[in-house]
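**Student:** Output the structure for:
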Amino acid sequence: MAAIFETAAGEDVVKTDLGAGKRVGIQVAVLVASLALVLFLVVAVALGKPGHPTARQVFPLGAAFLIALAISYAVTPLVARFARRYGFKDRPSSHHLPPMKPRLGGLAIYLAFLLGVLATMPLLPDRTPEEMRRIWGILAGSTLLLAMGIVDDRRELGPFPQLTVQVLAALIAMSLGVVIHAIPNPFGNPFSRSTIEFSIYLAVPFTLFWIVGAVNTVDFIDGLDGLAVGVGGIAAIVLYLHSFHLMQY
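**Tutor:** Numbers count the residues shown, from 1 in each chain. As a prediction, the model looks like this:
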């Protein structure tokens with residue numbers, strides 16, 4: 001959402017552009033909130049079925065989403081203003097023509113994610129120590145990536161420094177338990193939930209490849225305003241529905 005709201009913040013060109021950008025941001029927020037309402041209605045219908053989560057388990061998920069949505073909408077214009085003031089802008093090139101738009105959209109996304117997670121963690125007292133370590137691993141790795149992104153937005157880092165930091169961030173998350181030990185079997189029965197199990201010698205390099213690959217995939221498609229966050233939002237919805245289907249709350 002933050003990348004879209006960053007676009008909505010606009011540039012200091014004319015006031016009419018800013019007004020139009022804000023209207024787009026509001027429309028996007030309403031659309032996403034409506035979609036979230038539909039998803040939670042689907043969840044609510046399933047609550048009474050055996051083996052499905054209770055309202056107490058589902059509420060933190062909705063709270064995390066709404067908190068992150070509100071924070072991204074409120075913080076992104078402030079981040080855009082900060083970026084313009086301190087020179088975090090696109091540089092003129094064949095890909096970026098004036099007026100130069102502010103960068104640091106990742107900072108707004110990070111703040112929304114971080115505060116959404118921290119605000120709802122007290123609502124999940126039954127999480128195991130292993131789950132909590134994985135959460136802290138993801139937060140630690142993403143914090144390192146944020147620092148790299150801020151430097152890159154200012155100085156245009158080369159591919160090798162970026163890859164080095166990405167690998168280091170992945171290793172930090174993996175050291176705290178974020179490791180893929182199994183994947184769904186693409187050749188198995190879709191209704192049997194068959195999986196392919198990995199040994200530790202295969203799980204570690206596979207997880208490293210997956211994390212670094214996912215980071216670069218989002219980076220490569222981030223060429224248009226809102227494109228990366230749109231793809232990320234769709235992926236998040238699909239993962240949410242799939243996790244709910246697997247009863248992984």
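
**Student:** For stretch 151-165, measure first residue to last.
**Tutor:** By Cα to Cα, to the nearest Å, the extent of stretch 151-165 from end to end equals 12 Å.

**Student:** now the closest residue to residue 195 other than its chain neighbours, which residues is it bridged with?
**Tutor:** Distance criterion Cβ to Cβ, 6 or more residues apart in numbering; nearest residue to residue 195, sequence neighbours excluded, is residue 182 at 4.3 Å. To be clear about C-beta, it is placed using only N, CA and C from the backbone, and glycine gets the same treatment. Counting by DSSP bridges, residue 182 is bridged to residue 197.

**Student:** what number of residues lie near residue 182?
**Tutor:** Residue 182: 11 surrounding residues under other Cβ atoms under 10 Å.

**Student:** is it true that it touches residue 197?
**Tutor:** Yes - assessed by Cβ atoms under 8 Å, residue 182 is found in contact with residue 197 at 4.9 Å.

**Student:** what touches both of those two?
**Tutor:** Common neighbours of residue 182 and residue 197, counting by Cβ atoms under 8 Å, 6 or more residues apart in numbering, are absent.

**Student:** how close does residue 160 sit to residue 166?
**Tutor:** The gap separating residue 160 from residue 166 is 11 Å, by Cβ to Cβ, to the nearest Å.

**Student:** and if you look at residue 182?
**Tutor:** From residue 182 across to residue 166, the span is 24 Å (Cβ to Cβ).

**Student:** Between residue 160 and residue 166, which is the more surrounded one?
**Tutor:** Ranked by neighbour count (other Cβ under 10 Å), residue 160 and residue 166 place residue 166 first, with 22 against 8.

**Student:** okay but residue 194 is in contact with residue 184, surely?
**Tutor:** Yes - with contact defined as Cβ under 8 Å, residue 194 counts as touching residue 184 (7.5 Å).

**Student:** contacting residues for residue 110?
**Tutor:** 142-143, 146.

**Student:** do that again at 6 Å, thanks
**Tutor:** Contact analysis of residue 110 by Cβ atoms under 6 Å, 6 or more residues apart in numbering lists residue 146.

**Student:** tell me which element it falls in.
**Tutor:** helix 105-120 (DSSP states H and E).

**Student:** I'd like the average pLDDT over the helix or strand just after that helix.
**Tutor:** Proceeding N to C from helix 105-120, the next assigned helix or strand is helix 129-155, under DSSP H and E. Here helix 129-155 scores 90 as its mean pLDDT.

**Student:** tell me the mean pLDDT for the following helix or strand past helix 129-155?
**Tutor:** Tracing the chain past helix 129-155, the next element assigned as helix or strand by DSSP H and E is helix 159-175. In this model, helix 159-175 carries a mean pLDDT of 93.

**Student:** Just the residues contacting helix 159-175, thanks.
**Tutor:** So helix 159-175 is contacted by 137-138, 140-141, 144-145, 148, 207-208, 211-212, 215 (Cβ under 6 Å, 6+ apart).

**Student:** Need the max-distance pair from those residues.
**Tutor:** 148 and 207 (19.6 Å; Cβ to Cβ).

**Student:** sorry, back to before: can you turn the buried part of the contacts of helix 159-175 into a ChimeraX selection?
**Tutor:** Command for ChimeraX that selects the buried part of those, burial taken from 16 or more other Cβ atoms under 10 Å:
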select :137,138,141,144,145,148,207,208,211,212,215
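
**Student:** In TSV, list the contacts of helix 159-175 along with distance to residue 124.
**Tutor:** Formatted as TSV, those follow (distance: Cβ to Cβ, whole Å):
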residue	distance to residue 124
137	16
138	15
140	19
141	20
144	24
145	24
148	29
207	24
208	28
211	23
212	29
215	26
